[in-house]
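**Q** Fold the stuff below for me.
(chains A and B)
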Amino acid sequence: MRSEVREALIAKLTALADDEVILAHRNSEWTGHGPILEEDIALANIVQDELGHATLWLGLRQQLDGSDPDRLVFFRDADEYRCCALVELPKGDWAFTMLRQYLFDLYEALWLEAARHSSYQPLADAAQKIIREERFHLQHTHAWVERLGQGTDESNRRLQQALDMQWGYAQQLFVPIPGEELLVAEGMVPDLALIKEGWLEHSTRHLRNAGLKLPVNPGYQPTTRTYHTEHLWSLLAEMQSTARWDAEAEVW
Amino acid sequence: MTTLPNTEQVWKALAQIPDPEIPVINVVEMGIVRDVRIEGNKAVITMTPTFSGCPALHLIRTQLEQTVRSLGFQEVEVQTVLSPPWSTDWITPEAKERLRQYGIAPPKPRSELDTLIQLEASPTPCPRCGSLGTSVKNTFGPTLCKALYVCNSCKEPFEGFKTV
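**A** As a prediction, the model looks like this:
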């Protein structure tokens, strides 16, 4: 593998893992506080799966550069993270959380579906593995969008408010990272422009069917993944605190 | 001088390790152990994760290693493979029956699902009374591999294995 391709692949795997880790941590804030017990359990399951996916992505990175996944997650500062801003936003209300998870799950499912054909076999294998879990997430959050959108005036209003806020942020999922074009040319990762087409088609149809209006105002304008919202700092402060107090802590 | 066990005996020993979360079935009939290879006095075990975030994976890996070491191998290597991805189709028919007796509805054949978004294809029979009048209460359950159901006939809630 040429060194610039290798560097780009390492960066891409890091971005994939960072989205999963940060979204998982955000959603874990609902554990013990879910609106009903079943949903508390469901979201905790989804979180656990997303962490599993991050483990796989960082495992692939480890094969390339020998980096330790735990070090990367617990000892990098915010400005070294490569997650998108969407996953950093505070959890908000249930509508906000479910909508974000739906928009993300749809992107992830479509991306994985295409990535199963990656020319980089370890990535193709991981995608094949992860998509089997992702199906359950999408099913779940797809249903929640419909339920909240068509539920009461209040649930529709809250979901609409979440959509107005998140729509612009969600577009960042389709902004290639620097060097990604090399990976696309090698057939290693799917072309985000194509994934976006499918995502727009599915999401707009489903959101409209759920009684929502697509935002006229685009809102947040995606920039690079080196730029983060202030929310990432406080999230990491909490998530990394134990590891940074005692890096050897293993017994719990 | 002691002789080391052959692959068949290693498989047998591994089949004594219960799944940490569902102890009525073992890690071999669960389809987690994919291969056993012996190279001189070294044993190489290949395993595959069920769900990528399953917290029992570390424990299973340790138990595989300890079991093989206790058979007398000086060197033991446990490798993880992702491909082909683990499927509930690999759970043996006997193990599926034991799951049912234990109160967990066994997974269905994978051929029943092929689309990205699908609704419940065929009803899941209640593991206690056999009724098909059951409904899903939650696609997520107490472990990553199970969903929660309720039987409308005997009114009992039960867990069912997800089909993957």
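**Q** Rounded mean pLDDT for stretch A:46-61, please.
**A** When pLDDT is averaged over stretch A:46-61, the result is 96.
**Q** wait, does that stretch make contact with chain B?
**A** Yes: using CB under 8 Å from any CB of the partner chain, stretch A:46-61 comes into contact with chain B via A:46, A:48-53, A:55-56. Every residue, glycine included, has its C-beta placed from N, CA and C.
**Q** Narrow the residues you listed to just the buried residues.
**A** A:46, A:48-53, A:55-56 (16 or more other CB atoms under 10 Å in any protein chain shown).
**Q** so where do the helices sit in the chain?
**A** With no chain named, the answer covers chain A. For chain A, the helices defined by DSSP state H occupy A:3-28, A:37-65, A:69-75, A:94-115, A:121-149, A:153-170, A:180-185, A:192-209, A:231-239, A:241-245.
**Q** could you do chain B instead?
**A** According to DSSP H, the helices that chain B contains are B:7-14, B:57-70, B:93-102.
**Q** Where does pLDDT dip in chain B?
**A** Counting by pLDDT under 70, chain B shows low-confidence ranges at B:1-2, B:113-121.
**Q** Tell me the one of the buried ones among the residues of stretch A:46-61 next to chain B nearest chain B?
**A** The closest of those to chain B turns out to be residue A:52 (CB to the nearest CB; 2.5 Å).
**Q** I'd say the closest one and residue B:51 touch.
**A** Yes: using CB atoms under 8 Å, residue A:52 is in contact with residue B:51, at 6.3 Å.
**Q** list residues touching both of those two?
**A** A:133, B:144 (CB atoms under 8 Å, 6 or more residues apart in numbering or on different chains).
**Q** mind listing the strands for chain B?
**A** Secondary structure of chain B by DSSP state E: the strands cover B:33-39, B:42-47, B:75-80, B:104-105, B:134-138, B:146-151, B:157-161.
**Q** The first one and chain A, are they touching?
**A** Read that as strand B:33-39. No: Strand B:33-39 stays out of contact with chain A when judged by CB under 8 Å from any CB, the minimum separation being 13.2 Å.
**Q** buried set for that strand?
**A** Neighbour-count burial for strand B:33-39, counted by 16+ other CB under 10 Å, picks out B:33-34, B:36, B:38.
**Q** what's stretch A:75-86 in contact with?
**A** A:11, A:14-15, A:18-19, A:21-23, A:100, A:103-104, A:166, A:169-170, A:172-173, A:177, A:220, A:222, A:225-229, A:232-233, A:236, A:240, A:243-244, A:247.
**Q** Looking at chain B, what residue ends up closest to chain A?
**A** Closest point on chain B to chain A, by CB to the nearest CB, is residue B:53, at 2.5 Å.
**Q** burial count for that residue?
**A** 23 (other CB atoms under 10 Å in any protein chain shown).
**Q** That one against residue B:145, yeah?
**A** No: if you go by CB under 8 Å, residue B:53 and residue B:145 don't touch, sitting 10.7 Å apart.
**Q** Write out the residues of chain B neighbouring chain A.
**A** So far as CB under 8 Å from any CB goes, chain B lies against chain A at B:49, B:51-55, B:82-86, B:113, B:116-118, B:137-142, B:144, B:148, B:162, B:164.
**Q** Need the buried ones from those selected in ChimeraX.
**A** ChimeraX command restricting the residues of chain B next to chain A to the buried ones, with burial defined by 16+ other CB under 10 Å:
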select /B:49,51,52,53,54,82,85,86,116,138,139,140,141,144,148,162,164
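**Q** Report the contact partners of residue 19.
**A** Just going to use chain A. So residue A:19 contacts A:83-84, A:87, A:104, A:173 (CB under 8 Å, 6+ apart).
**Q** Let me rephrase: I mean chain B.
**A** By CB under 8 Å, 6+ apart, residue B:19 lies in contact with B:25-27, B:30, B:32, B:56, B:60.
**Q** again with residue A:88
**A** Shown in contact with residue A:88 (CB under 8 Å, 6+ apart): A:22, A:26, A:228-229, A:231-232, A:235.
**Q** Adding pLDDT, neighbour count and distance to chain B, write these out as TSV.
**A** Converted to TSV, those look like this (pLDDT from 0 to 100; neighbours: other CB atoms under 10 Å in any protein chain shown; distance: CB to the nearest CB, whole Å):
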residue	pLDDT	neighbour count	distance to chain B
A:22	98	28	15
A:26	98	23	16
A:228	96	19	25
A:229	95	16	26
A:231	98	16	24
A:232	98	20	22
A:235	98	24	19
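**Q** Next, the buried residues of stretch A:220-237.
**A** Buried residues in stretch A:220-237, counted by 16+ other CB under 10 Å: A:220, A:222, A:225, A:228-229, A:231-232, A:235-236.
**Q** Start and end of that stretch, how far apart?
**A** 25 Å (CA to CA, to the nearest Å).
**Q** Identify the residues contacting the residue in the stretch 151-252 of chain A positioned nearest to chain B.
**A** The minimum distance from the stretch 151-252 of chain A to chain B, using CB to the nearest CB, falls at residue A:202 (8.9 Å). By CB under 8 Å, 6+ apart, the contact set of residue A:202 is A:106, A:110.
**Q** What score does it have for pLDDT?
**A** So, for residue A:202, pLDDT stands at 97.
**Q** Help me confirm that residue B:131 comes into contact with residue B:158.
**A** No: contact criterion CB under 8 Å: residue B:131 and residue B:158 do not qualify, at 10.8 Å.
**Q** what residues are shared contacts of these two?
**A** residue B:151.
**Q** With that, I have no additional questions.
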